[in-house]
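Undergrad: only the shape, not the letters, is given here:
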């Protein structure tokens, strides 16, 4: 656990340093006015694109549920859309670039395959492990493959 926290702190710290460096470097080239205009414009674009792409993903999730299928890909797309919108709203050039990439449907389609592979590896045979119930509680076991 300590190693994971250390890695997370290093990644966030490195990302912050790169973001500040890019902001200062491009701000020096563009000037303060254009840099502020870019930041405000990317925030507005993030909100608008988040709304458009998010509603589109919600419609696809609804269609999958109506067809009685689990909307795994659509939920992953929704997660990536939310992440992309958040990155666009957050100030910074690197976060804007990553946010725009995640809001592009082809990039999301490319990103879903590794995510699905990782999820399938984390959940072997589609089984989700939960904690056992406290002693004394009634447990009803259900076998979804067995006919009633």
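TA: Received it, and whenever you're ready, just let me know what you need. In this text the structure is predicted, and so the values were computed from the model without any measurement.
Undergrad: tell me which element the closest residue to residue 93 other than its chain neighbours falls in.
TA: Nearest residue to residue 93, sequence neighbours excluded (CB to CB, 6 or more residues apart in numbering): residue 22, at 4.5 Å. For glycine as for every other residue, the C-beta is placed from the backbone atoms N, C-alpha and C. Counting by DSSP states H and E, the element that carries residue 22 is helix 2-30.
Undergrad: please enumerate the helices of the protein.
TA: Here the chain has its helices, by DSSP state H, at 2-30, 32-66, 72-89, 93-103, 105-122.
Undergrad: quick one: average pLDDT of the first one?
TA: Put plainly, it is helix 2-30. For helix 2-30, mean pLDDT rounds to 87.
Undergrad: now do that helix against helix 32-66, angle only.
TA: Helix 2-30 and helix 32-66 meet at an angle of 130 degrees, taking axes from the mean of the first three to the mean of the last three CA atoms, to 10 degrees as the criterion.
Undergrad: so where is the chain shaky, pLDDT-wise?
TA: Along the chain, segments meeting pLDDT under 70 span 1, 121-141, 143-144, 146-148.
Undergrad: residue 57: what's it in contact with?
TA: 74, 77-78, 81 (CB atoms under 8 Å, 6 or more residues apart in numbering).
Undergrad: how about a markdown table for those residues, with neighbour count added?
TA: Output for the contacts of residue 57, formatted as a markdown table (neighbours: other CB atoms under 10 Å):
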| residue | neighbour count |
| --- | --- |
| 74 | 21 |
| 77 | 24 |
| 78 | 19 |
| 81 | 24 |
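Undergrad: can you tell me which of those residues is nearest residue 17?
TA: Of all the contacts of residue 57, residue 17 sits closest to residue 81, with 27.4 Å by CB to CB.
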